[in-house]
Each structure stands twice: as C-alpha cells, then as structure tokens.
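A.B. asks: I need the structure of the sequence given here:
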Amino acid sequence: MNMIRNQRARRVTTAAVTVLTAAVLGSVGAGASSAHTAAARTAAPQTQQIASSVLGSDYKITLTALRSTEDQYAASVQLKVYTHGSGTWKESDRVTIGAVDGWFWYPLTGSHAVCEFSTSSSEPAPLAVSLMITPSIGCSDPVHYVVKQGKVYAE
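C.D. replies: Down below sits the predicted model:
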C-alpha cells in the first residue's frame, strides 16, 4: 500500500512541477513576444520605392510606400521632391498621397501598383498620381499636384 501511495505522490509532484514549468515558460514567452512586438512598433517602417522620375537637372520625384508599424497590411505613400545642387540631390518637399496607412501594402508594392505617374519638366511641373487600391477594385482616381520652386502644391 505504501508503494502505491509513493507512486501517486510522485505522479502528483511530477504533474505539479510540469504545470509550474509550463506556467513559467509561458509567461517568459509572453514577455518575449510583447518585447518583440514593442520593438517592432518602434522600428523604422519598411519602405519600397514604387516610382521615380528625373526632370532634367531641376527635380527628382519619387513615390515611396511605407509599411504601417501598426497594421502589417496597411501602408502610406509619400511623394518626395528633390532639387539638385552642389552635385547632390537634396529633399526639398514631401507630401502624403491619400490617408496615412490608407493603402494596402501588398497591392501597393506589387507589379501593377502604379496606374499613373506623369510628370513634366515645365515650371511649374505638373504631376498626376493614381495607384492600385486592390486588383478587384482597381486604381484610385488620379490626384494632381504641381511643383513650383521645389515645393509641392495640390492642384
């Protein structure tokens, strides 16, 4: 009878140790996961240039997708204008196309992301941008801007 009690006591002790170990490891894993998530939120967003145009020696214009740090499927789009001086391109202005995190990352960085990106080297330089919303929805309505002396203005 003592032998049966000892076996049961060992099983209960083993089960308790197993449950305790799982609880400790679970809380450590949760802490590591929370730390990883917090680090990901503070990290710089993933970016991908989706279009670029150089207008003579005056301007360089780029469209860049910025992946959201809050929602892995969302993105923003920045239009940046660079002016050329002293042998280098320097950013002179930037605007966000649409709403912040208002685009979908995967269509925006896919092969047909840019529906329209037209530029002209006249002064002021007109711009038109239309981007893929999703393949099933299609392209956004074009937005129009002009670049005057290195600054972007809505048209």
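A.B. asks: dump the residue contacts of the residue lying closest to Leu131 once chain neighbours are set aside.
C.D. replies: What sits nearest to Leu131 in space, not counting adjacent residues and going by Cβ to Cβ, 6 or more residues apart in numbering, is Ser140, at 5.3 Å. Just so you know, the C-beta spots here come from the backbone N, C-alpha and C atoms, and that holds for glycine as well. Neighbouring residues of Ser140 by Cβ atoms under 8 Å, 6 or more residues apart in numbering: 98, 115, 130-133.
A.B. asks: double-check that Tyr106 belongs to a helix.
C.D. replies: Yes - assessed with DSSP: H, G, I helix; E, B strand; the rest coil, Tyr106 lies in a helix.
A.B. asks: per-residue pLDDT, the residue lying closest to it once chain neighbours are set aside?
C.D. replies: Nearest non-adjacent residue to Tyr106, counting by Cβ to Cβ, 6+ apart: Tyr73, 7.1 Å away. Listed pLDDT for Tyr73 reads 97.
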